[in-house]
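1. Structural data only, the sequence is not supplied:
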């Protein structure tokens, strides 16, 4: 059960609600976010929620049986739009493309990518300055100095940044320079990191774990929401299966089911979803047709020379054609 409290609830009304919850044998968890105050109530006894819903100070009340409560669509009628800036959002009709290299490599590369994004009216640039790599000898990013340089360039161009944070200790230093914090597949159940990201007022792009179920992804999002941050974007990026012909198996079904189970926006990552440059575009279009609220993809001026993930990265010509195709595909998807 979720109780949404009125903004200026009086103390005696609040205490009366708590007493009533205790009286029906439920335990309550107090949640305060950027947008509201909630009581998430857990219990097994069935009762008429109108006994509580009629009390003063309650804005709304819903019975939610899912293990994940706050991210469930069962209590929120409309879909959530996550604001990135005053004139930019993801979800509830706002479709965004996020594009850029796997790794930030240097100033010239950043300037080149920004020019490509501006030419294609893309407002969000992806890239990594801290890179989780399978081999300790691979390029692992430029770190905070690279992020500062990148931020300076994007600020001048009016472009927003989405980049991965790998551990709690990085959040504070990254905070002034990041518009969207990405939680990568390897950290999707790093609950200490999720807790910490719940305490900041920045959007979080939460990727599905490499072997994670849909419910596990939603439970991870619940960690962020329950710690105070409602600005969550879910990302389907492919899961690891027994198939060896491609890097991951991108679960198109997950886009449809996540949109049904949750009010949060959902984006797809076709670059990691298949890991093969020649097929990224078709997979991106499939995600758009499935109802995704956005696409995050890897783009580089010379993918063959990229420091990381070149095999799944589009060049500018391929990217430009795909961006145009995604907008046309979305128009078709909205008619279905």
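-> Received, thanks. As the structure is a prediction and not an experimental result, all values here were calculated from the model.
2. now the strands for the stretch 1-150 of the chain?
-> Secondary structure of the stretch 1-150 of the chain (DSSP state E, counting those that start in this stretch): strands located at 2-5, 27-32, 37-42, 58-62, 82-85, 88-90, 96-100, 124-126.
3. Can you say which of the ones you listed is nearest to residue 326?
-> Closest of these to residue 326 is strand 96-100, at 6.5 Å (criterion: C-beta to C-beta). (C-beta placed from N, C-alpha, C; glycine too.)
4. thinking again about what came up before, let me know which of the strands of the stretch 1-150 of the chain is the nearest to residue 335.
-> The closest of those to residue 335 is strand 96-100. By C-beta to C-beta, the value is 20.2 Å.
5. Which segments of the chain make up each domain?
-> With domains defined by automatic domain parsing, the chain comprises 2-62, 82-333.
6. and these, which is most packed in?
-> domain 82-333 (a mean of 19; mean count of other C-beta atoms under 10 Å).
7. distance between the ends of that domain?
-> Distance between the boundary residues of domain 82-333 (C-alpha to C-alpha, to the nearest Å) amounts to 21 Å.
8. any idea how far it is from the chain center?
-> In terms of C-alpha atoms, centre = their mean, to the nearest Å, the centre of domain 82-333 is found 8 Å from the chain centre.
9. show me where pLDDT drops low in the stretch 51-200 of the chain?
-> Applying pLDDT under 70 to the stretch 51-200 of the chain flags residues 133-139.
10. In the stretch 151-300 of the chain, what residue spans correspond to helices?
-> Here the stretch 151-300 of the chain has its helices, by DSSP state H, counting those that start in this stretch, at 168-174, 191-197, 214-226, 252-261, 270-274, 277-289.
11. Which one of those helices lies nearest to residue 125?
-> helix 270-274 (14.2 Å).
12. Just list what that closest one packs against, helices and strands only.
-> helix 277-289, strand 294-298 (3 or more C-beta pairs under 8 Å, 6 or more residues apart in numbering; DSSP states H and E).
13. Take the ones you listed and lay them out in TSV including mean pLDDT and distance to residue 151.
-> Formatted as TSV, the helices and strands packed on helix 270-274 follow (pLDDT from 0 to 100; distance: least, C-beta to C-beta, whole Å):
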stretch	mean pLDDT	distance to residue 151
helix 277-289	98	27
strand 294-298	98	18
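14. of all those, which lies closest to residue 5?
-> strand 294-298 (31.5 Å).
15. Beyond that closest one, next helix or strand please.
-> Next helix or strand after strand 294-298 toward the C-terminus (DSSP states H and E): helix 316-333.
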